[in-house]
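Colleague: model this:
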Amino acid sequence: YKAKVLDRFPLEDYHDTTLPPQVAMFAHPEGLTCKRAAPLPIFFTIIFTSNEGRRVYASVLTFHDTLPQESLDHMGGRHIELPKGETIWVPKCLCVVSHWPFHEAYKEFLKQLYRLSVSTSRIPLERLICNFMHEVPLPPEGLIRVQYTIADKTVYIQRSPTNVLPASRVAMEVLFTLLDKENVTLLFTCLLLEQKILVFSEKISVLTVVTEALLTLAFPFKWEHVYVPVLPLQLLEFLSAPTPFVIGVHPGSLAHRRQEFLQAAACPDDTVVVDLDHNRIRMPVSHEVPLLPEKQRKKLREHLEMYADVFDPSRKSLVMVDLAFPMAPTPEESDAKVETKWNGQQLQYSFLRVFLSMLQRYKEYLVMPTAEDPQPERLFRKEKFLEHCPKESRRFLSQFLDTSMFGIFIEHRIFEGSKDSEHIFFDEAIEAKSNRSALRFSKKPTPFLDDKLKAVTRTHVVIAPNDEGLSESSYTYETFPSMKPSLFCLPREIRSLVTGELQNRKASMQQQHTSALGSLQRYQRLPSFDTASVTKLTVSKSPSTTTSQQMRETVYGTWFLLHMIVTGEGDKSDARDQMELVFHILNRMRDETLQPDAASYHAVLEACGRAGVPDRALLVLEGMQTRGLRPDASVFGTIMKAVASSPGEQLPAFQSSPMARRSPTASWTREDSEHARGAVSPSPLLIGGSDLPPEPTSPSEGSLEPFAAHALALSPRLE
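Modeller: Alright, predicted model coming up:
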């Protein structure tokens, strides 16, 4: 049975953001099973990458409900009489999907929503959902925090000021509780060198917490590759991806095959395998990963001893870490005092100091564009930089300077450094570190870091849910109900806390889709150039390529984009026939020695999903690699979307690919995934969406800056 969204809010997609089809599959990563006893509700967060390359966060609360008799009869094809007193339980999910990582706020909202669904409430659930989705404004970076109350629970939502380290959105302490200091340092090193990292645990909620904490510690650098903290078992094939990744796997019904999984070829030799349950890291055997320079490693170890001495994988709280409603501690546990050393803020600064120390003079080696050379081949003088580094640091730094995260950091520093708060913060943090040295007699000012006006000093209280026009004094539910559109209400006018925030985000999305003019627009931001001079210099270098081959490649690329838009609008069989034409055009480009660009390949991948042929997407992926194009996170996000939105009978095509044939786990993956789906399992599902509001249709709607835009509830339904 296939998982499917059964209920949602808002009822329709926003004009610029659709509900990702893969949400249903990711919310049930180990498949669907019926149970004879109802497990306690659990909570976890999933993250995947949209087609635009943006991360999408989905907070999931999973609980179990009784299977209706008519559904049981339908699955069995006849009337099934259960023994007296026996009940079949099926999983359901409540889910909030957003581009904003306010995990704790989403968790409390879903917990209280579920709790009210099994009790009596003065306000219907529909009004509570409207209030949370439309009347909770997005807080600015610093200055103001938002206070939101549902039932008897109050939560605070805020964003860090731009001139301080971004606060972690997860309980970072979990990472240091499960892994000792040496393993955390080793894992941090692997992340910086963009290794393939597989995180494995039988506790599903810790996967996202650990990986998010790890990425937070890499500030100001950002992970630019595949990032899937909870990978559905149906997509284990992605562990053979030819690009760096950070992927988490929860075995679910495959837990009994744990050792086989960890030792099998599904974990290739070039993958770092992290066993969170046993504090073990298996390093790649195909190559050696250099360690952090000794100076920085020694200093970091000292700081971890001071601020993160919490390693205790047997801690009792970890036993219940997945539960949405943790059990109350026993009197003995309440009286027990555990002496630990934990300071999350100082810990983050300790990891930042690693970069401040290694890259203290990096600005001296930047290659700035000039009027004579507006597009320098390299933006950083790596060899010169390494010459002035200690010899013991060069091996690590040589690899780190070649990573995508460093390359993109340098590119943004050159072209957006004067506007980007993260780069301003990093540069002034370097100056602040140098100012503390006794050898510097003339201290340099750090006005950005010293600005106290950005601190959070005010609280915005969210208005209570709208209770006007309700016909009943209370609402009681036997189970989580299907949403009634008549009980939804229009949002009331709310003062926006972030002027221009939405416009900035929309502009950013548009910029991601204008690849043809991307490089030119980038240089327009440089004060020493104008558009005409840059265009003249660019064209004069290769007029024949610009006027002939490049124009033909652009025409082909435009055709792929237009074809992607119309693919899948009609009958699926017609769409599959259209894909034959797409691959014919790709072959023609090869015969004409033309090179499809990344945007063209991305459009073809999107068309494969719309046409319901995910197996053809693998051929496109091979074509990208043959052309020397490195697949990024958005490419694999598009392939995941293609898999999620395709009929079940086409999914085994992934299992028969050359990568799968190298893996002895391919046979049991398909076999056990059938077991995971269950012989009598219905398809309960969730609700999801995005955080961008629709075009204003009334003054009240146009004034809102919601940070989460879809929430849903599920009921079992056969597919």
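
Colleague: Counting residues, which helix of the chain comes out longest?
Modeller: Across the chain, the longest stretch assigned as helix under DSSP state H is helix 572-591.

Colleague: Can you name the element that comes right after that one?
Modeller: Downstream of helix 572-591, the next assigned helix or strand under DSSP states H and E is helix 598-611.

Colleague: what pLDDT, on average, does the very next helix or strand once past that following helix get?
Modeller: Next helix or strand after helix 598-611 toward the C-terminus (DSSP H and E): helix 614-626. For helix 614-626, mean pLDDT rounds to 75.

Colleague: now helix 614-626 and helix 572-591, what's the angle there?
Modeller: Angle of helix 614-626 versus helix 572-591, following axes from the mean of the first three to the mean of the last three C-alpha atoms, to 10 degrees, is 10 degrees.

Colleague: Go through helix 614-626 and flag the buried ones.
Modeller: Across helix 614-626, burial judged by 16 or more other C-beta atoms under 10 Å covers 614-618, 620-621, 623-624. (Glycine included, C-beta is placed from N, CA and C.)

Colleague: go on, stretch 179-188?
Modeller: Neighbour counts using 16+ other C-beta under 10 Å place 179, 181, 183-188 of stretch 179-188 among the buried residues.

Colleague: residues in contact with stretch 419-439?
Modeller: Residues outside stretch 419-439 that contact it (C-beta atoms under 8 Å, 6 or more residues apart in numbering) are 141, 162-164, 219-220, 352-353, 355-357, 359-360, 363, 412-413, 416-418, 440, 443-444, 446-449.

Colleague: wait, what's in contact with the residue lying farthest from the centre of the chain?
Modeller: What lies farthest from the middle of the chain is Lys84; by C-alpha atoms, centre = their mean that is 45.7 Å. By C-beta under 8 Å, 6+ apart, no residues touch Lys84.

Colleague: tell me the SS of it?
Modeller: Secondary structure, DSSP: H, G, I helix; E, B strand; the rest coil: Lys84 is coil.

Colleague: Relative to Ala105, how far out is the closest residue to Leu470 other than its chain neighbours?
Modeller: If the residues on either side of it in the chain are set aside, Leu470 comes closest to Pro124, at 7.1 Å by C-beta to C-beta, 6 or more residues apart in numbering. Separation of Pro124 from Ala105 (C-beta to C-beta, to the nearest Å): 21 Å.

Colleague: before we move on, what about Ser50?
Modeller: Counting by C-beta to C-beta - Ser50 and Ala105 are separated by 21 Å.

Colleague: So for the two, which residue has more residues nearby?
Modeller: For Ser50 versus Ala105, the count of surrounding residues by other C-beta atoms under 10 Å is larger for Ala105: 25 against 20.

Colleague: show me what contacts the more buried one?
Modeller: Each residue near Ala105 by C-beta under 8 Å, 6+ apart is listed here: 148, 155, 157.

Colleague: Would you map the helices across the stretch 201-350 of the chain?
Modeller: 204-217, 258-263, 294-307, 316-319, 331-335, 344-358 (DSSP state H, counting those that start in this stretch).

Colleague: Turn those helices into TSV, including mean neighbour count.
Modeller: Below are the helices of the stretch 201-350 of the chain laid out as TSV (neighbours: other C-beta atoms under 10 Å):
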stretch	mean neighbour count
helix 204-217	24
helix 258-263	15
helix 294-307	16
helix 316-319	14
helix 331-335	9
helix 344-358	18
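
Colleague: right, and those helices - which one's nearest Glu478?
Modeller: Glu478 lies closest, by C-beta to C-beta, to one member of the helices of the stretch 201-350 of the chain: helix 204-217, at 28.1 Å.

Colleague: can I get the helices of the stretch 201-350 of the chain in CSV with mean pLDDT and distance to Val228?
Modeller: CSV is the format used below for the helices of the stretch 201-350 of the chain (pLDDT from 0 to 100; distance: least, C-beta to C-beta, whole Å):
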stretch, mean pLDDT, distance to Val228
helix 204-217, 96, 9
helix 258-263, 61, 17
helix 294-307, 94, 28
helix 316-319, 82, 23
helix 331-335, 60, 35
helix 344-358, 94, 23
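
Colleague: Using JSON lines, lay out those together with distance to Met405.
Modeller: Formatted as JSON lines, the helices of the stretch 201-350 of the chain follow (distance: least, C-beta to C-beta, whole Å):
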{"stretch": "helix 204-217", "distance to Met405": "10"}
{"stretch": "helix 258-263", "distance to Met405": "27"}
{"stretch": "helix 294-307", "distance to Met405": "17"}
{"stretch": "helix 316-319", "distance to Met405": "31"}
{"stretch": "helix 331-335", "distance to Met405": "42"}
{"stretch": "helix 344-358", "distance to Met405": "11"}
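
Colleague: Tell me which of these sits nearest to Val246.
Modeller: helix 204-217 (5.5 Å).

Colleague: pLDDT weak spots in the stretch 601-719 of the chain?
Modeller: 633, 643-719 (pLDDT under 70).

Colleague: Let me see the contact set for the closest residue to Val604 other than its chain neighbours.
Modeller: Closest residue to Val604 apart from its sequence neighbours, by C-beta to C-beta, 6+ apart: Val620 at 5.2 Å. Contacts here follow C-beta under 8 Å, 6+ apart; on that basis Val620 touches 601, 604-605, 608.

Colleague: about what we covered before: please name the residues that touch the residue nearest to Leu470.
Modeller: Listed by C-beta under 8 Å, 6+ apart, the contact set of Pro124 reads 470, 475, 484, 487.

Colleague: Kindly report the same for Asp632.
Modeller: 53, 224-226, 243.

Colleague: and with 10 Å instead?
Modeller: 49, 53, 224-226, 243-244, 404, 598, 602 (C-beta atoms under 10 Å, 6 or more residues apart in numbering).

Colleague: Can you select the buried ones among the residues you listed for me in PyMOL?
Modeller: The following PyMOL line selects those of the contacts of Asp632 that are buried, judged by 16+ other C-beta under 10 Å:
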select buried, resi 49+53+224+225+226+243+244+404+598+602
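
Colleague: ok, the contacts of Asp632 vs Ser98, which is closest?
Modeller: Checking the contacts of Asp632 against Ser98 by C-beta to C-beta gives Thr49 as the nearest, at 14.3 Å.

Colleague: how about the closest one, phi and psi?
Modeller: Thr49 adopts backbone torsions of phi -110, psi 130, taken as degrees, to the nearest 10.

Colleague: Residue numbering should commence at 7 henceforth.
Modeller: Sure, I'll start numbering at 7, so the last one becomes Thr55.

Colleague: so it makes contact with Pro637?
Modeller: No. Judged on C-beta atoms under 10 Å, Thr55 makes no contact with Pro637 at a distance of 11.6 Å.

Colleague: So for these two, which residues contact both of them?
Modeller: With contacts taken as C-beta under 10 Å, 6+ apart, the residues that reach both Thr55 and Pro637 are 231-232, 644.

Colleague: thinking again about what came up before, and the two most separated of the contacts of Pro130?
Modeller: Farthest apart among these - using C-beta to C-beta - are Leu476 and Lys490, which lie 11.7 Å from each other.

Colleague: Return the set of buried residues in stretch 407-425.
Modeller: Neighbour count says stretch 407-425 has 407, 409-412, 415-416, 418-421, 423 buried, by 16+ other C-beta under 10 Å.

Colleague: Over to stretch 192-209?
Modeller: Buried, per 16+ other C-beta under 10 Å, within stretch 192-209: 192-207, 209.

Colleague: One more: stretch 239-257?
Modeller: 239-247, 249-257.

Colleague: Just the ones in strands from those residues, please.
Modeller: Per DSSP state E, strands hold the following members of these: 251-255.

Colleague: TSV please, covering those and showing distance to Arg464 and pLDDT.
Modeller: Putting those into TSV (distance: C-beta to C-beta, whole Å; pLDDT from 0 to 100) gives the following:
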residue	distance to Arg464	pLDDT
Phe251	41	93
Val252	37	95
Ile253	41	94
Gly254	38	93
Val255	43	91
